[in-house]
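Undergrad: predicted structure and sequence below. I'll ask about it afterward.
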Amino acid sequence: MPNENNIHVSSELGALQRIIIHSPDGGIGKIVPSKFKDWLYDDTVFLKQMRKEYNDYVKLLLYFLDPEKIPHIQACEKQQTDDSQLDCFKPGNPAYFNSDKVLDVEYLLAKVLRDSHLRDRIIASVCAIEGCSYATEKQLCEIADEHELAKVLITGVLPQKNPNKVQFVFQPLPNFIFTRDISIVINNYLLLSKAATEARERESLLMRYIAYHELFTDKQEYVIEINESNDFFLLDEVQQQQRKTSLEGGDIMMIAPNHILVGCSARTTPSAVNKIVHAVFKNKTGIEKVTVIKIPSQRAIMHIDTVFTHVRKDVWVLFGRFSEVLMRERNEQKFSYYDDFTNNDETFEEVEIIRFYKPAHITYNPAADYRQDIVFKGMEDLLRNISIKDFDVPENEVKIVYSGNNIFPYDEREQWTDSCNLLALKDGVAIAYDRNEETLKAFKEAGFSIKKAEELFNDFESSELTPEKVKDTIIILSSNELSRARGGAHCMSLPLLRAEL
Ligand SMILES: NC(=O)NCCC[C@H](N)C(=O)O
């Protein structure tokens with residue numbers, strides 16, 4: 001068994017205890033406009049500012065998950081008064097906070113690179129997918145320091161010898177800050193992603209090797225990989241397109257101990273969904289229900305976690321475009337602003353929701369036709385069903401908070417900047433972006449306090465408050481630059497360990 005003190009997630013809400021993150025690296029500062037589409041960015045980013053915003057996120061995580069590291073962070077903040085990146089936030093720097101609860105992918109990769117056998121395999125496979133020359137591969141092998149090598153493998157840039165020249169060896173991984181997408185913990189199993197786009201392929205590959213870190217003991221048995229079948233290469237182009245298998249973690253939610261939600265989206269294909277259902281039922285994951293949510297394939301809603309997230313047992317945040325209530329109004333022709341404003345036929349595609357059950361008394365059979373006997377009217381119907389059936393919430397107490405309070409155009413604008421992508425630190429305490437003001441008002445109306453991260457730090461420092469005492473609160477991060485990368489706190493987190501609810 002993997003050590004359940006290291007890895008175990010059975011909900012989106014249990015108190016967060018261990019997490020994988022990735023601080024914005026130098027690669028983000030090297031995005032060029034000609035590569036926006038390929039590298040999945042919509043703008044260039046002011047890296048220094050983004051790092052400041054991200055550091056608050058890391059500090060917040062440390063307060064809740066590893067408070068013993070806070071005095072070190074405070075000392076570092078006092079010492080270093082210039083506005084460069086603080087050493088304590090740089091993996092590999094001697095002053096790095098080195099937490100075993102808040103873990104950076106770069107830090108984990110460097111640890112794995114210490115094993116010379118793995119190091120050779122990692123370099124060879126990265127070079128293979130990136131089409132590097134033999135000379136480049138040799139150059140990488142010659143980098144002795146594991147932290148330096150980890151940095152190069154992530155940023156794609158060699159250590160800078162000449163300040164006037166940036167030497168790329170392959171493309172950067174500017175989306176690696178969204179660690180949610182590289183893997184997902186399902187109870188005590190680790191499901192590896194298979195990125196949908198070339199831009200994120202190396203992330204999936206590196207995560208496969210990070211799974212060799214000692215945290216993931218007995219990994220072979222507890223790692224689930226979803227792949228195309230061995231004879232995929234025999235299919236013609238059209239068939240390959242239809243059976244392409246890709247899955248990204250933003251489409252999987254470990255919602256309750258026996259229940260996962262799986263998105264079928266621009267990034268997670270029907271073939272992957274089918275394989276996930278079979279894989280979780282076949283392995284002893286404890287999963288008995290898989291609810292599949294098919295969303296339209298659009299950039300604005302690339303994964304299901306851009307459409308909704310769970311905030312408290314009885315509270316969800318949802319993008320109203322997928323509200324069955326709004327749908328009904330539209331069908332009755334009462335609702336026309338989208339047609340007026342966007343004239344886009346795709347705007348109102350509906351979601352499809354199907355639930356699969358593991359047969360109770362039958363041993364796993366790959367040919368089994370799992371029951372699909374629940375049809376949901378729409379998203380609210382599903383979210384209510386989860387709160388009521390999985391969390392024993394009384395029927396009339398379920399609350400749905402809508403992006404932009406369901407007011408056009410704030411609903412669309414705020415969803416774009418991740419108003420629906422919240423990360424729960426525990427049941428009822430979640431991290432959001434400050435810029436989504438109408439959504440925050442809606443949270444306030446639903447009874448939540450809204451608190452800036454810095455305000456909270458001050459309260460903690462003056463001992464007015466402790467993380468344990470924070471309740472029913474949305475903690476907001478500055479998000480001018482962070483939101484440009486198109487993901488919120490949910491995307492920027494790979495929870496490894498959460499307390500049982
Ligand atoms: N789970 C998520 O929704 N992750 C956000 C990923 C954003 C990134 N720029 C991407 O397009 O992949």
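TA: Arrived safely.
Undergrad: switch to C-alpha atoms for all contacts and neighbour counts from now on
TA: Noted.
Undergrad: report the distance from the longest helix anywhere in the chain to the chain centre.
TA: Longest helix in the chain by number of residues, with DSSP state H as the criterion: helix 47-65. How far helix 47-65 lies from its chain's middle: 16 Å, per C-alpha atoms, centre = their mean, to the nearest Å.
Undergrad: again, but for stretch 481-496
TA: On C-alpha atoms, centre = their mean, the centre of stretch 481-496 falls 6 Å from the chain's centre.
Undergrad: tell me if that stretch is near the ligand.
TA: Yes: Stretch 481-496 is in contact with the ligand by C-alpha under 6 Å from any ligand atom, via A485, R486, G487, C491.
Undergrad: number of residues surrounding the second one?
TA: Per other C-alpha atoms under 10 Å, the neighbour tally for R486 reads 22.
Undergrad: can you pull the contacts of the residue lying closest to E201 once chain neighbours are set aside?
TA: Take E201 and drop its neighbours on the chain: the residue closest to it by C-alpha to C-alpha, 6 or more residues apart in numbering is A195, 5.3 Å away. Listed by C-alpha atoms under 8 Å, 6 or more residues apart in numbering, the contact partners of A195 are I182, E201, E203, S204, S246, L247, E248, R267.
Undergrad: redo that, cut-off 6 Å
TA: Going by C-alpha atoms under 6 Å, 6 or more residues apart in numbering, A195 touches E201, S246, L247, E248.
Undergrad: looking from the ligand, tell me which residue of this structure is nearest.
TA: Closest approach between the chain and the ligand, counting by C-alpha to the nearest ligand atom: G250, at 3.6 Å.
Undergrad: for that residue, grab phi and psi.
TA: The phi/psi pair for G250 (degrees, to the nearest 10) reads phi -60, psi -10.
Undergrad: and it, how far is that from G320?
TA: For G250, the distance to G320 (C-alpha to C-alpha, to the nearest Å) stands at 19 Å.
Undergrad: ok, the two, which is more surrounded?
TA: G250 (30 against 26).
Undergrad: against T439, how distant is the more buried one?
TA: Applying C-alpha to C-alpha to G250 and T439 gives a distance of 21 Å.
Undergrad: out of the helices and strands in the protein, which is least certain?
TA: Lowest by mean pLDDT, DSSP states H and E among the helices and strands of the chain is helix 337-342, with a mean of 46.
Undergrad: give me the next element, helix or strand, following that helix.
TA: Counting by DSSP states H and E, the next helix or strand C-terminal to helix 337-342 is strand 352-357.
Undergrad: let's have the residues of stretch 481-496 next to the ligand in TSV, adding secondary structure and distance to N405.
TA: Below are the residues of stretch 481-496 next to the ligand laid out as TSV (DSSP: H, G, I helix; E, B strand; the rest coil; distance: C-alpha to C-alpha, whole Å):
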residue	secondary structure	distance to N405
A485	helix	23
R486	coil	20
G487	coil	20
C491	coil	22
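Undergrad: between the residues you listed, which is closest to K294?
TA: C491 (18.8 Å; C-alpha to C-alpha).
Undergrad: who's in contact with that closest one?
TA: F178, R180.
Undergrad: isn't the residue of the chain closest to the ligand up against I182?
TA: No: checked against C-alpha atoms under 6 Å, the pair G250 and I182 is beyond contact range at 8.6 Å.
Undergrad: and I362, what's its pLDDT?
TA: Listed pLDDT for I362 reads 53.
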